[in-house]
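Trainee: Give me a 3D structure for the following:
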Amino acid sequence: MIAWKKLTGSVLAAAVAVTAVASQASAKEIVVKMGADTGVLNFVPAKFDAAPGDTIKWKLNKAGPHNAVFDSAKSADGAVATGLSQKKLLVKPGDSYVSTIPKTAKPGTYAFNCVPHKAAGMVGVLTIKK
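Mentor: Numbering: from 1, shown residues only. Here you go, the predicted structure:
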């Protein structure tokens, strides 16, 4: 009987580990260039879809400094928008930071921009889908 309990416990532990790895594997990383290869002031891609648990790697490409700040008034969830924002300016090509979409994020659109270059049209839209 003790051997059966140990076997059952081991099987249960393995199932939990596989589930944890599977949920991590289903999350994706989206790389967003800050500044186009041509030097144009935009995000590449400027529009993209993601799901809760996904990460966004914001990478300075050209024509910095850049940041990625979400507009809480133009987003499905203002608190999530604020949490995803990266206010620190990146200055060297290759510099980056990561935003993780919370598991509780509401589906919908989330508008973002580069603060120093918003007037130049450096804006984008993230659509969170469940």
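Trainee: Name whatever forms a beta bridge with the residue lying closest to His66 once chain neighbours are set aside.
Mentor: Leaving out its chain neighbours, the residue that sits closest to His66 by C-beta to C-beta, 6 or more residues apart in numbering is Met34, at 3.9 Å. Any C-beta I mention is one placed from the backbone N, CA and C, and that applies to glycine too. On the basis of DSSP bridges, Met34 is bridged to Phe43, Leu60.
Trainee: And for Met34, the neighbour number?
Mentor: Other residues near Met34 come to 27 when the count uses other C-beta atoms under 10 Å.
Trainee: And for Pro65?
Mentor: Neighbour tally, Pro65, other C-beta under 10 Å: 17.
Trainee: Contacts only, for the spatially closest residue to it that is not a sequence neighbour.
Mentor: Closest residue to Pro65 apart from its sequence neighbours, by C-beta to C-beta, 6+ apart: Leu89 at 4.0 Å. Contact partners of Leu89, counting by C-beta atoms under 8 Å, 6 or more residues apart in numbering, are 64-67, 115-116.
Trainee: of those residues, the lowest pLDDT goes to which?
Mentor: pLDDT across the contacts of Leu89 is at its lowest for Gly64, which sits at 89.
Trainee: Name the helix or strand for the residue nearest to Pro65, please.
Mentor: strand 86-90 (DSSP states H and E).
Trainee: low-confidence ranges in the chain?
Mentor: Along the chain, segments meeting pLDDT under 70 span 1-25.
Trainee: SS state for the most centrally placed residue in it?
Mentor: Centrality entry for the chain: nearest residue to the mean C-alpha point is Ile56, 2.8 Å, by C-alpha atoms, centre = their mean. State at Ile56, reduced to three classes by DSSP: H, G, I helix; E, B strand; the rest coil: strand.
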